[in-house]
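Colleague: The following comprises the amino acid sequence and a computationally predicted model.
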Amino acid sequence: MNPVNYLYLAALLFTIGATGVLIRRNAIVVFMCVELMLNACNLALVAFSRMHGNLDGQIIAFFTMVVAAAEVVVGLAIIVSLFRSRHSASVDDASLMKL
Amino acid sequence: MSFPLLTATAVLPALGAIATAAVPAARRTAAKWLALIVSLATLVLAAVVLVRFDPDGDRYQLTESHAWIKDFGVRYELGVDGIAVAMIALTALLIPFVILAGWHDADPLETGSKRWRPTQGFFALILLVEAMVIISFEATDVFVFYIFFEAMLIPMYFLIGGFGDRAHEHGEAAAATQRSYAAVKFLLYNLVGGLIMLAAVIGLYVVAGNFSLTQIAEARANGTLDMATSTERWLFLGFFFAFAVKAPLWPLHTWLPNAMQESTAPVAVLITAVVDKVGTFAMLRFCLQLFPEASTWATPAILVLALISIIYGALLAVGQRDIKRLVAYASISHFGFIILGIFAMTSQGQSGATLYMVNHGISTAALMLVAGFLISRRGSRLIADYGGVQKVAPVLAGTFLIGGLATLSLPGLAPFVSEFLVLVGTFARYPVIGIIATVGIVLAALYTLVLYQRTMTGPVKAEVEGMPDLRVRELVVVAPLIALLIFLGVYPKPVTDIVNPAVKQTLSDVQKKDPQPEVEASK
Amino acid sequence: MENLIALLIAAPLLGAAVLLCGGRRLDAVGHWIGTVLAAASFVVGVVLFADMLGKDPENRAMHQFLFSWIPVGGFQADVAFQLDQLSMTFVLLITGVGSLIHVYSIGYMEHDERRRRFFGYLNLFLAAMLLLVLADNYLLLYVGWEGVGLASYLLIGFWQHKPSAATAAKKAFLVNRVGDVGLSIAIMLMFTTFGTFAFGPVLEATGEATEGKLTAIGLMLLLAACGKSAQVPLQSWLGDAMEGPTPVSALIHAATMVTAGVYLIVRSADIFNAAPDAQLVTTVVGAVTLLFGAIVGCAKDDIKKALAGSTMSQIGYMVLAAGLGPIGYVFAIMHLVTHGFFKAGLFLGAGSVMHGMNDEVDMRKYGGLRTYMPITFITFGLGYLAIIGFPGLSGFFSKDKIIEAAFAKGGTEGWILGGVALLGAAITAFYMTRVMLMTFFGEERWRNQPTASPAEPDVEPAAEHHGAAASDHVAAATGEPHPHESPRVMTIPMIVLAVGSVFAGGFFSIGDRFIHWLEPVTGHAHGHPPIGAAAVTASTVAVMVLGVGLAWLQYGRRPVPVVAPRGSLLTRAARRDLYQDDFNHVVLVRGGEHLTRSLVYVDHTLVDGVVNGTAAGMGGLSGRLRRIQNGYARSYAVSMFGGAAILIAATLLMRAV
Amino acid sequence: MSASAVHSLWTTAAEPIDKIGAPDIEYGQLSPTLIVIGAAVLGVLVEAFVPRKSRYYAQVFLSVVALAAAFAAVIGLAAGGYATTKSGIVAMGAVAVDGPALFLQGTILLAGILGVFTFAERRLDPAAHGNRVDSFAAQAASVPGSDSEKAAVKAGFTTTEVFPLLLFAVGGMLIFPAANDLLTLFIALEVFSLPLYLLCAVARRKRLMSQEAAVKYFLLGAFASAFTLFGIALLYGYAGSVKYGTIARVVDGTVGEVSPALAGTMGNDALLLIGAAMVVMGLLFKVGAVPFHMWTPDVYQGAPTPVTGFMAAATKVAAFGALLRLLYVVLPGLRWDWRPVMWAVAIVTMLGGAIVAITQTDIKRLLAYSSIAHAGFILAGVIATTPDGVSSVLFYLGAYSFVTIGAFAVVTLVRDAGGEATHLSKWAGLGRRSPLVAAVFAVFLLAFAGIPLTSGFAGKFAVFKAAAEGGAGGIVVVGVISSAIAAFFYIRVIVLMFFSEPRPEGPTVAVPSPLTMTAIGVGVAVTLVLGVAPQYFLDLASQAGVFVR
């Protein structure tokens, strides 16, 4: 099977994730969409690594997972604290500052 | 390495400014005296420069040159030619009078904390302006000039916006808002001009690789540095725009009336008599030397603008109801004459223009300062609020009249010499423009005499009753100026002798010769 | 000897400086200082004159170089003096008449607390006037030219608290400025043509210049002359100038300053000789003005304004003569001198009358004063006879010569000019007789006529057309006047001048003294009127008699109404200076006001508007752009996403193209 | 590819243990980063073990010492010629130690030190229950206004974690401009971003805004880094490597042996272009260039002011460093593709920032927009693609960071009952109340406006000059125009401070501890020195202007 298809899939997932970020209100969901985008990247990386026959891509993929995990930690911390003080996780409610 | 006289002349007032600013809040009078003494010391230094300068010597004298910012091709290069010497002398001469005239203008209002020191600030700023103006007259490095040309806006800005006439027809609050409007207008106009010039300065560097006026001019002369015509014209326009704003040339003039109207008389004098001169001076020194072809290319347009300034400014002066605005528009008209003289490209025109800068400085100072004394008495700038002052304060009226007569360039007073030279110089090359410009002298008479008639003559207005005549301090300010006006009107030779060689140089830069009189030409 | 020349000017200049800067402490002696210094200048003049007579006519001119004034390139202006016969004539006239009038003023201004300053101004005037006639180049002459203008400004407006006076002063200065434009342009033309503007070189080089240039220069000089000498079309200021104290009117606006224009033309003789067109215009201006002034003079009831009209007219004669070229120059100057005597005398007389009549100027409120002020009557009478050209008196000689010359011009021009001159003579006789009769003869119309209050210059009544304010003064005035002769200090100068106006003309004409005296400078050609000199003289006398007769019929036989009758159309026109002021007012003043007002508007809305508009536009744009920043994270993400898309697209596009 | 081949791949990967060559790490040349990261870890331990009372002092001491030591290390390296002659690529090609890297690291470290000073300021707010308080929440976890928070305040808790967080961020920033392969780039990006997200959320006052800022920053940041990562993936796919050098060679086509796979991907420029665009976009997000700038105002406003100052200064430095390296080392071959695009970005950034700033009413937002405009100016220098361009950008960054920190430090001083009085209207007449502070702030504003004799002018001149020499005259003109526009609002603030009457209920100016004073003082000093005598630093920058390949 042509590895290029994996790339198409990756691009698709990335776009889905991006779209999610743009259309979903709940911060958690938005964040999950970002994660989706990251994983799309992983897929692309792995596919490329496969094509080039070297391991760099796969290594990056591992790093990405770690980074994603770290982001989860930080992100959830922030989102939760926001939720606790506002009783809402909607990113649209968080619009005190504008103009 | 001789004593850096030029640097000293500029640094002294700068240090004085710092010292003045440092004077504790309570010791207001001390600050005033300190500032006055410093300005007088600077005057002495300027006098030394005047003496040490040899009119028939090299083009630039007392030169100093040190590395400054290698990466920008900038050297700290100073040097004076006759024109610069005259301007420095004028500046150094006027500042003491400005300080003396503004003696009480900055006594603090009640608002503000104990650390609020307007008086110290006022005089410090004046000295700072003096320092920057002087050094920009001395700079022979375009970058150095540019830096101080721009930097002097800041102290001026604070002087305009921070200190105004105490009394105001709409109360202090309105005065404050109008002041800051005027100040912002002043700063933005000049900043825009300066920034456009910045682009040109950078362009110049890209073309020339350094900023040394002498080097570039030399390279231009002997053809080692040839700019594309279009490039040269763009750069010229960039420079000229900034100077035209500063000068100010129609239609870039509207900041001046506001600025002069809102600021105290001494500051107004500082603006027209000193700071604006940097603009016209720079036209002579930089535009003509760096971009000869472009200058000649632009001459017709500039002459027309100058002509418009002359007539337009005069007509508007006639139409003003506010004394200071009137003087401001009169100045616009006069700057028209100066620029006309510069770009007439004749020795009479340019010597006249230089002389005009000096004389206009003195005459405006005389007129404006007296006007300031008048305004401070009545607490109004409106012409309509005065009348019959000559009855109650004859000396004030007399000095005011002399100032006015100088403004309308009455023969026997200094401005006549310069104005006539400019007119002759222009007429020699552009007769029509010369003739139209001559109409300006009628209008000048009109606005001056109308001003005098409305304020000084006629029956004594009730508010004017018991208006005190000039005090000693004020007389000390005015008398020397008037004496100078008369002296330079009768015997301007000292100045012309210094200026002429420099002008000859400048003319040779633009490869222009005075037109021959027909009779000789026919022979 | 020539080093004394500077002294001529220095003396009065010193006086002016001392008196004006001296302050109140000099109030007591100020007038004496002024008078003495004026007299000193006169003495110096006489000494120089004597010295000059000693030399032979051809090289009487003296020259004194003081210092180089404005040296710039080819433009070399010096402060240097030239004293030749022409200048000398003026020097004597100026200093002589000037000194007399100083003396007179001592009495006339006695009650004015600002007398010191008055004398300061008078001295200033003398200095400037002397500079004018002594300068050896046009630029220096220009200085004197404007200097006298300034002095006249200060003196006309001496009673500044009177709006009318202040206005008149301003008007005089402005109108003169218009003339000055002419002078400065003339100087520029000379510079570009000859490369110099000193009398000697210019006048020698006239041959080399094109006639067009010379005509231009001539016309410009004429313009200047019109301004200073109140010739049509720049005559409007002279009438109002009578707002000034009477001695001023006598000295500046009759004897000396107003004749400067004639001096200028005669001085530039060579230029005019080489520019016939310019000469023609000059003669026309002169002719028109002499009629204009005469007509105005007929209608004025204000004694000073009547005299002013006559001054205008007489100077018209001089300009006419000057325009005739070599045949006229000498007579122009001669008439100038004689006129200086009798017109000054007449004005001083008028002043003396006003002095005795509580400063009343309206002749309709005079009448039968000859018994009350005999000396004034006699001196004034002699001046009157002189001016109307009564045979044997000075006016007769000078004016007659001019009329002859006018005819001698030849051709139709000659006839027209001569005719005009004759007509002028008739009218002169008419209006002067009118003045004479209304003032000194007829019933005493001032009886139970409340006039202006005692000699308080502050409330000197403004001339009739100044309306309400003036009439208030009159109404507020106290009782009827008590005419009386003026003090000796005033009468003596009048007597001296009267003597001058009687004998000067004869003295000059016998043996053509004056011609020989001036010839070396101005040149002289003997004019031959087509109808013969005798005939001209005869007709001159005839028309003079005619004029007197008419005037007597009008004002001598029947009583003069105290309130001016409406009068004929011409009369009314003449009262209003032939509507010239109204014209100026409507066209220049109103038009100017509109222009300036609209310009102020333009400056504020257009020029300034553009700038403020730009600023406002920026603000608006900013305000609109701000909206994008709506606070929603997701819309930020959208902009990022879009941005990324654009970035990618653009990069790809770059590669594509 | 066949299964056996894949298997072979695995087997080649798994060598006998003893044969694994340990990677050689040049600890000396990495020392700055290592010191800071190590200190950060120590800081965490401090949080864990040191009693609460002395934590603050321990943390401040530790951070300052660490940063100072790191700075000393940077100086040492530079003096040792690692900036010029001995510059090279270390850590198995992961990190470059060269002029730009060291210069920027030095700048970042100084910014970090000043940042620590402002973080540690405890005199501005009145002491609560006898405990000195700083700008950070007593207990970030507890809901604002809740009992737990009150308790925390009563107990005198303070969020001393901010210091290790700052150290981590600095550590990341140190690597970011030095990163020499895409992986390191990405990791560094995250390492300095995540702590910043947290720091934004822990304001003592206006916590809601602070948290909102954090959320926005975090989400958008993550979004952006996702783009970056995808871009990295594409570049990797294009070049078959993440090493800058290799990619550059592939782009130029000067790579040594070309595997068939590589040959295949090399042909596909779309990979390269799109990938490059996406990576660049991630960096533009960090520098706050239009249209990726929209987080800036909100975050700057919401975050605790000391954090804003530090962030505004250091992030820009690091991000521009990375951007420079990427464009000059990896993508010079693509110059003709990205230059026009960057032109456009620079122009809209300059104009956009300047124009929108005109109507701002909050001082922090104002400064945020001004920072956007400045990003545009710096981009003008980046576009030059000449050594002068690099050095001018370096100089500008150095100058700018100090002005920024100083300015925000001043903002912390102007306070009223509600904490910092950031609304412009409250600054009216400040010049009357406390001339000194107003004057200092005016100096900073003038530097922002680029008035001569301030560092701002020198920097602006440098970048414009470089741009003009690089043939980007148009940029210069636009830059000049937009600085004219920008001048308008800086002046507005000055007018407000000096020419308007002070309000009776206006804010007071707190007298800070020497810490903030130092920060401000250094800011002013640097601003003026770089304005009057910039030559030395220009030399430094131009010496440091060469990237190692």
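Modeller: Right, received. Where do you want to start? Numbers count the residues shown, from 1 in each chain, chains lettered A, B, ... in the order given.

Colleague: Next to chain D in this structure, residues from chain C, please.
Modeller: Applying C-beta under 8 Å from any C-beta of the partner chain, we find that chain C lies next to chain D at C:615, C:618-619, C:621-623, C:625-626, C:628-629, C:631, C:633, C:635-637, C:639-640, C:642-644, C:646-648, C:650-652, C:654-655. C-beta coordinates here come from the backbone N, C-alpha and C atoms, glycine included.

Colleague: of these, buried ones?
Modeller: Buried members of the residues of chain C next to chain D, scored by 16 or more other C-beta atoms under 10 Å in any protein chain shown, are C:615, C:618, C:621-622, C:625-626, C:629, C:631, C:633, C:635-637, C:639-640, C:643-644, C:646-648, C:650-652, C:654.

Colleague: out of those residues, who's near chain B?
Modeller: residue C:615.

Colleague: can you pull the contacts of the residue of chain A found nearest chain C?
Modeller: With C-beta to the nearest C-beta as the measure, residue A:98 is the residue of chain A nearest to chain C, at 2.9 Å. Applying C-beta atoms under 8 Å, 6 or more residues apart in numbering or on different chains to residue A:98 gives the contacts C:629-632, D:298.

Colleague: which among these gets closest to chain A?
Modeller: residue C:631 (2.9 Å).

Colleague: Make sure I have this right: that closest one is in a helix.
Modeller: No - using DSSP: H, G, I helix; E, B strand; the rest coil, the assignment for residue C:631 is coil, not a helix.

Colleague: how about the nearest residue to it, chain neighbours excluded?
Modeller: Closest residue to residue C:631 apart from its sequence neighbours, by C-beta to C-beta, 6 or more residues apart in numbering or on different chains: residue A:98 at 2.9 Å.

Colleague: same question, residue D:470
Modeller: residue D:384 (3.3 Å).

Colleague: and that neighbour, what pLDDT?
Modeller: At residue D:384, the pLDDT value in this model is 86.

Colleague: got it, and residue C:283?
Modeller: Reported pLDDT for residue C:283: 93.

Colleague: from memory it sits against residue C:413, does it?
Modeller: Yes - between residue C:283 and residue C:413 there is a contact under C-beta atoms under 8 Å: 7.3 Å.

Colleague: Now chain B against chain A: closest residue?
Modeller: Closest point on chain B to chain A, by C-beta to the nearest C-beta, is residue B:184, at 23.3 Å.

Colleague: so how far is stretch C:200-214 off the chain centroid?
Modeller: How far stretch C:200-214 lies from its chain's middle: 28 Å, per C-alpha atoms, centre = their mean, to the nearest Å.

Colleague: Run through the stretch 301-450 of chain C and note the low-pLDDT ranges.
Modeller: For the stretch 301-450 of chain C, applying pLDDT under 70 flags the ranges C:448-450.

Colleague: Got the phi and psi for the residue in it that chain B sits nearest to?
Modeller: Closest approach between the stretch 301-450 of chain C and chain B, counting by C-beta to the nearest C-beta: residue C:359, at 18.6 Å. For residue C:359, the backbone dihedrals (degrees, to the nearest 10) come out as phi 60, psi 30.

Colleague: Can you report how many residues neighbour it?
Modeller: 23 (other C-beta atoms under 10 Å in any protein chain shown).

Colleague: circling back to that earlier point, so the residue of chain B closest to chain A is in which element?
Modeller: helix B:171-208 (DSSP states H and E).

Colleague: re earlier: more neighbours, residue C:283 and residue C:413?
Modeller: residue C:283 (24 against 16).

Colleague: which residues sit in contact with that one?
Modeller: Here residue C:283 is in contact with C:319-320, C:323-324, C:406, C:409, C:413, C:417 (C-beta under 8 Å, 6+ apart).

Colleague: again, only this time at 10 Å
Modeller: With contacts defined as C-beta atoms under 10 Å, 6 or more residues apart in numbering or on different chains, residue C:283 is in contact with C:319-325, C:328, C:406, C:409, C:413-414, C:416-417, C:420.

Colleague: What of residue D:520?
Modeller: D:114, D:117-118, D:405-410, D:412-413, D:437, D:440-441, D:444, D:512.
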